[in-house]
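Engineer: The sequence isn't on hand, but the structure is:
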């Protein structure tokens, strides 16, 4: 490839003859394909199949088109740059607002910490002062007793001074004994009146203070590149649950059976059961919601299954392992309708043992009257023990409801202001207790903080289309996608840094199959 050895300042009008560094010949030609100057030898070798011209020919062509070119630059390119300049100003303003918002949150958190520290300080001061008051009250009582004894002693001394000459020996001895007892009793319990409460300083380490204040993280550290692909089925994946890095349970929306598939060797195990959701427990046991028989079923590696308990008359929809043991199951009745409620309707999350005994039910808010759910579907529990539920509010809208393990409502996430209404289908929780939510209608995957604050689109419309079911195995996220056109995606790699000490690479493998203008995708994100 040729290169110009002599560089002149922009706008320099003088004539010069640059030389080709490779062949030491005059650069008297230009390659239109590569948009660079070349020599005659370059034209015969590296650029022999390219569109090249002599500089004079290309110059004459440029001169004929110069007015048109400059006009286009002034009318189109400069205007476009003006728009971009305007957008940069707007972006700076938006950045300032975002920064101010984050600083405000930091200040609010700092003020909350100071407020709690001030409350703790006042409680400690109260204990110290209460001890002072109690001890001084005791000492004050002793003071009154001593003052009374003092007067008794003075009176008895005066009496002995005045009357000892006329007293009998018995009376003298008896009065002296009384005097000695009064004097000796004045020292009793004085040592118990001292101040007894001490303050012990707590640990003020930088690590504990950093943990208390929180951390900053840069969402721009997420980047996307392409990788690999795999295909499965021709319908929407209603169930997708990973068992390990190569194996997953799958079920499409029209299928009446569940399959366990190894994506490497393509081995399959078929379960003749129609399920709504699959839960793979930490010990490897697999539980599914059998909505056709209103029951929770356990699967075996051979392809057989057995009912462990009935949920009837309620229909089981979602299931997950509970951090406190047992299972969390979303349950609904079908009357009066899927998204209609009356006083007898049941829409809830039930915490049960593995034999079906009810531990707790989550159906109403703390007032005991306001319902938590309209159509509870998928359910997950994060490391904070918070329970997050995909709550369908209509056939095309929904929300993410998060409740504490004790049952109090923590937050409701209703998506961002996008083209279509928020339509969450599935949710998983990562090791940082963040929520990852698939939004099918808007073709994106939302990343939320443990407090339910929107952080970023982990995957956007240009990455995925109609994301549906998801599963998180260790650091690998699987996403089922339905493509409504013949558009082809190959693969994606993400680099994600959510915290200063949490750096991961995510490789997304997109699995596709085109059938009747429908492509079904599974996305596999491998964190390394």
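Structural biologist: Nice, I can see it. If you're wondering where the values come from, they're calculated on a predicted model, not measured in any experiment. Numbering: from 1, shown residues only.

Engineer: Mind jotting down where the helices sit in this protein?
Structural biologist: Counting by DSSP state H, residue ranges of the helices within the chain are 40-44, 55-72, 78-163, 169-184, 206-213.

Engineer: looking at those helices, which is closest to residue 337?
Structural biologist: Ranking the helices of the chain by distance to residue 337, with Cβ to Cβ as the measure, places helix 78-163 first at 41.2 Å. Where C-beta positions appear, they are placed from N, C-alpha and C, glycine not excepted.

Engineer: now the angle between helix 206-213 and the closest one, please.
Structural biologist: Relative orientation of helix 78-163 and helix 206-213, computed by axes from the mean of the first three to the mean of the last three Cα atoms, to 10 degrees: 110 degrees.

Engineer: Mean confidence (pLDDT) on helix 78-163, please.
Structural biologist: In this model, helix 78-163 has an average pLDDT of 91.

Engineer: and that helix, what other elements does it pack with?
Structural biologist: For helix 78-163, the helices and strands in contact under the criterion 3 or more Cβ pairs under 8 Å, 6 or more residues apart in numbering; DSSP states H and E are helix 169-184, helix 206-213.

Engineer: Now the phi/psi pair for the spatially most distant residue from the centre of the chain, please.
Structural biologist: Seen from the C-alpha centroid of the chain, the residue lying at the greatest distance (Cα atoms, centre = their mean) is residue 166, 97.9 Å away. Its backbone dihedrals place residue 166 at phi -100, psi 0, with angles given as degrees, to the nearest 10.

Engineer: so where's the chain uncertain?
Structural biologist: Residue ranges of the chain with pLDDT under 70: 1-16, 186-193, 221-230, 233-234, 483-528.

Engineer: let's see 80
Structural biologist: For the chain, the stretches with pLDDT under 80 are 1-17, 185-193, 215, 217-236, 253-254, 462-463, 475-476, 482-528.

Engineer: List the residues that contact the spatially most central residue of it.
Structural biologist: By Cα atoms, centre = their mean, the chain has its centre lying nearest to residue 434, at 1.7 Å. Going by Cβ atoms under 8 Å, 6 or more residues apart in numbering, residue 434 touches 382, 447, 448, 449, 450, 455, 498.

Engineer: What of residue 415?
Structural biologist: So, once contact is read as Cβ under 8 Å, 6+ apart, residue 415 ends up touching 399, 421, 422, 424, 439, 442, 446.

Engineer: how many neighbours does residue 238 have?
Structural biologist: Around residue 238 sit 20 other residues, with neighbours defined as other Cβ atoms under 10 Å.

Engineer: Can you tell me the closest non-neighbouring residue to it?
Structural biologist: Closest residue in space to residue 238, ignoring its immediate chain neighbours: residue 253 at 4.4 Å, by Cβ to Cβ, 6 or more residues apart in numbering.

Engineer: how much space is there between residue 351 and residue 373?
Structural biologist: As judged by Cβ to Cβ, to the nearest Å, residue 351 and residue 373 stand 15 Å apart.

Engineer: of those two, who's got more company?
Structural biologist: Neighbours of residue 351 and residue 373, each counted by other Cβ under 10 Å, are more numerous for residue 373; the result is 25 against 21.

Engineer: Now do that one against residue 405, distance only.
Structural biologist: Note on residue 373: its distance to residue 405, by Cβ to Cβ, is 16 Å.

Engineer: do residue 117 as well
Structural biologist: Separation of residue 117 from residue 405 (Cβ to Cβ) stands at 27 Å.

Engineer: next one: residue 142
Structural biologist: In terms of Cβ to Cβ, residue 142 sits 53 Å off from residue 405.

Engineer: Then residue 456?
Structural biologist: From residue 456 across to residue 405, the span is 27 Å (Cβ to Cβ).

Engineer: swap in residue 95?
Structural biologist: With Cβ to Cβ as the criterion, residue 95 and residue 405 are 38 Å apart.

Engineer: and what of residue 151?
Structural biologist: Here residue 151 is placed at a distance of 67 Å from residue 405 (Cβ to Cβ).

Engineer: Same drill for these two, tell me which one is more crowded.
Structural biologist: The residue with more neighbours, out of residue 151 and residue 405 and counting by other Cβ under 10 Å, is residue 405; that gives 17 against 10.
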